[in-house]
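Student: Sequence unavailable; structure follows:
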């Protein structure tokens with residue numbers, strides 16, 4: 001073990017001549033530890049909420065989605081689309097979907113909706129679809145196209161539900177037809193349907209506007225034959241979604257956009273990442289304040305160890321060795337605080353994840369999760385430790401750089417006089 005590290009460790013754990021120095025050192029360690037623990041726990045909670053959001057979205061977002069880059073539709077009979085049948089070793093199911101805006105009318109209530117027409121094997125791609133069901137049953141494979149599924153917000157605003165006796169009328173604009181100002185209604189197609197299910201994903205984007213309908217119904221409304229807005233794919237277990245999407249993108253070329261589940265929610269993911277790291281920067285500022293205690297502790301220690309500095313000079317120690325001793329001392333304070341804070345943070349995350357002690361509040365079932373979700377990531381821990389080490393280096397360098405000029409020069413004068 002280097003001599004500087006041995007002496008620094010001795011200084012850190014031994015009693016000083018002034019008890020205030022021991023207290024300041026303890027406060028420095030605790031300040032760094034508590035702040036590190038807070039950062040670890042906060043980042044883990046952000047990760048937990050991110051997991052919850054994406055788990056909810058994954059109920060209606062396919063593992064892989066293929067969309068056209070230009071235009072609104074792709075031809076499902078195009079050679080490159082038919083060639084997907086040869087990917088069956090990795091692709092478990094493929095379903096075409098048509099996504100359009102429409103107007104839903106029930107009685108005296110009406111609202112614009114996001115109408116999504118889905119193929120008969122839609123449930124094979126979205127295996128968690130039944131988890132979203134609130135009432136009724138999904139009948140999306142009905143070839144007559146008589147039944148649709150409403151988002152919870154849509155059902156609430158239309159004041160309807162599964163198997164009501166009165167139909168829901170769906171209006172869609174006719175393709176390639178100019179609006180007849182004398183008779184605007186002639187520019188729209190109309191189809192009467194009935195709601196067979198109400199679903200909820202606990203995400204406003206889906207619950208407040210989505211209507212799921214059989215593909216045949218939507219193609220009829222919009223004069224489509226083999227066109228589709230996108231193809232949704234489910235992969236076999238064990239197939240990496242991101243890697244498969246990259247290979248499929250390379251195969252299909254620039255005319256198509258292939259996205260995995262994360263890329264489909266890129267805006268939400270980026271927003272949550274921005275919030276997460278802005279919070280990290282705020283807590284990092286608090287950590288910076290906590291490291292000021294390290295500056296005070298080292299300053300007091302240098303004053304307290306004047307006699308030791310004189311002795312080390314007499315024994316032949318140069319200024320670099322003495323400076324290194326106190327720099328390591330400050331770094332040890334930061335390192336011990338960071339290590340302790342990391343262990344405390346991991347422990348608290350494990351306790352919350354296992355027992356859910358910190359509740360969301362209110363009546364159980366009010367929120368999507370009853371307890372704050374946490375997900376500890378070693379990458380977050382690495383960033384936090386790197387930040388603590390960097391701040392510890394700066395906090396140690398400041399007093400050693402500026403205060404040593406006075407005390408080391410005084411020690412040099414004493415040695416010269418001797």
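Tutor: Arrived safely. Note that this is a predicted model, so its numbers are computed, not measured.
Student: shouldn't residue 210 be in contact with residue 155?
Tutor: No: with contact defined as CB atoms under 8 Å, residue 210 does not reach residue 155; the gap is 10.8 Å. Where you see a C-beta, it was placed from the backbone N, CA and C, and this is true even at glycine.
Student: Have a look at these two and say which one is more surrounded.
Tutor: residue 155 (26 against 22; other CB atoms under 10 Å).
Student: Which pLDDT does the model give the more buried one?
Tutor: What the model reports for residue 155 is a pLDDT of 96.
Student: where along this protein do the strands fall?
Tutor: Along the chain, counting by DSSP state E, strands occupy 64-68, 74-75, 91-106, 109-118, 133-136, 147-151, 168-173, 188-199, 210-214, 227-228, 230-235, 256-260.
Student: low-confidence ranges in the protein?
Tutor: Under the criterion pLDDT under 70, the flagged ranges of the chain are 1, 11-12, 14-20, 142-145, 179-185, 362-366, 402-418.
Student: Now do the spatially most central residue of it against residue 72, distance only.
Tutor: Among the residues of the chain, the one closest to the centroid is residue 50, at 3.8 Å (CA atoms, centre = their mean). Applying CB to CB, to the nearest Å, the value for residue 50 to residue 72 is 31 Å.
Student: care to break the chain down by domain?
Tutor: 3-57+268-417, 64-263 (automatic domain parsing).
Student: Do me a favour and get the end-to-end distance for the shortest one?
Tutor: Okay, so that is domain 64-263. The straight-line separation of the ends of domain 64-263 (CA to CA, to the nearest Å) is 9 Å.
Student: So which bits of stretch 369-384 are buried?
Tutor: The neighbour-count check on stretch 369-384 (16 or more other CB atoms under 10 Å) flags 371-376, 380-381, 383-384 as buried.
Student: Now do it: distance to the chain's middle.
Tutor: 10 Å (CA atoms, centre = their mean, to the nearest Å).
Student: residues in contact with that stretch?
Tutor: With CB atoms under 8 Å, 6 or more residues apart in numbering as the test, stretch 369-384 has contacts from 36, 39-41, 43-45, 47-52, 280, 338, 342, 345-346, 349-350, 352-353, 356-360, 364.
Student: Repeat that for stretch 346-364.
Tutor: Residues from elsewhere that reach stretch 346-364 (CB under 8 Å, 6+ apart): 37, 40-41, 44, 366-367, 369-376, 381.
Student: Mind doing that once more with 7 Å?
Tutor: 37, 40-41, 44, 367, 369-372, 374, 376 (CB atoms under 7 Å, 6 or more residues apart in numbering).
Student: Reformat those as a markdown table; add distance to residue 234.
Tutor: A markdown table is the format used below for the contacts of stretch 346-364 (distance: CB to CB, whole Å):
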| residue | distance to residue 234 |
| --- | --- |
| 37 | 41 |
| 40 | 36 |
| 41 | 36 |
| 44 | 30 |
| 367 | 29 |
| 369 | 26 |
| 370 | 30 |
| 371 | 31 |
| 372 | 31 |
| 374 | 29 |
| 376 | 30 |
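Student: which one of these sits closest to residue 261?
Tutor: residue 369 (19.8 Å; CB to CB).
Student: where do the helices sit along the protein?
Tutor: Using DSSP state H, the helices of the chain run over residues 3-13, 19-57, 79-82, 122-125, 152-158, 204-207, 215-221, 241-252, 261-264, 266-304, 306-314, 319-355, 378-417.
Student: list the helices and strands the second one packs on?
Tutor: Applying 3 or more CB pairs under 7 Å, 6 or more residues apart in numbering; DSSP states H and E, we find helix 19-57 packed against helix 266-304, helix 319-355, helix 378-417.
Student: Please identify the most buried of those.
Tutor: helix 319-355 (a mean of 19; mean count of other CB atoms under 10 Å).
Student: for that one, the distance to its chain's centre please.
Tutor: When C-alpha coordinates are averaged (CA atoms, centre = their mean), helix 319-355 and its chain have centres 27 Å apart.
Student: so that helix versus helix 266-304, what angle?
Tutor: Going by axes from the mean of the first three to the mean of the last three CA atoms, to 10 degrees, helix 319-355 is angled at 140 degrees with respect to helix 266-304.
Student: Please work out the angle formed by the directions of helix 319-355 and helix 306-314.
Tutor: Going by the same axes, to 10 degrees, helix 319-355 makes 130 degrees with helix 306-314.
Student: What number of residues are in the vicinity of residue 200?
Tutor: By the criterion of other CB under 10 Å, residue 200 has 19 neighbours.
Student: Might you report the residue contacts of the closest residue to it other than its chain neighbours?
Tutor: Closest residue to residue 200 apart from its sequence neighbours, by CB to CB, 6 or more residues apart in numbering: residue 152 at 4.0 Å. Listed by CB under 7 Å, 6+ apart, the contact set of residue 152 reads 134, 198-200, 207.
Student: Can you give me the distance of residue 152 to residue 6?
Tutor: 67 Å.
Student: cool, residue 127 as well?
Tutor: Remark: distance between residue 127 and residue 6 (CB to CB) = 61 Å.
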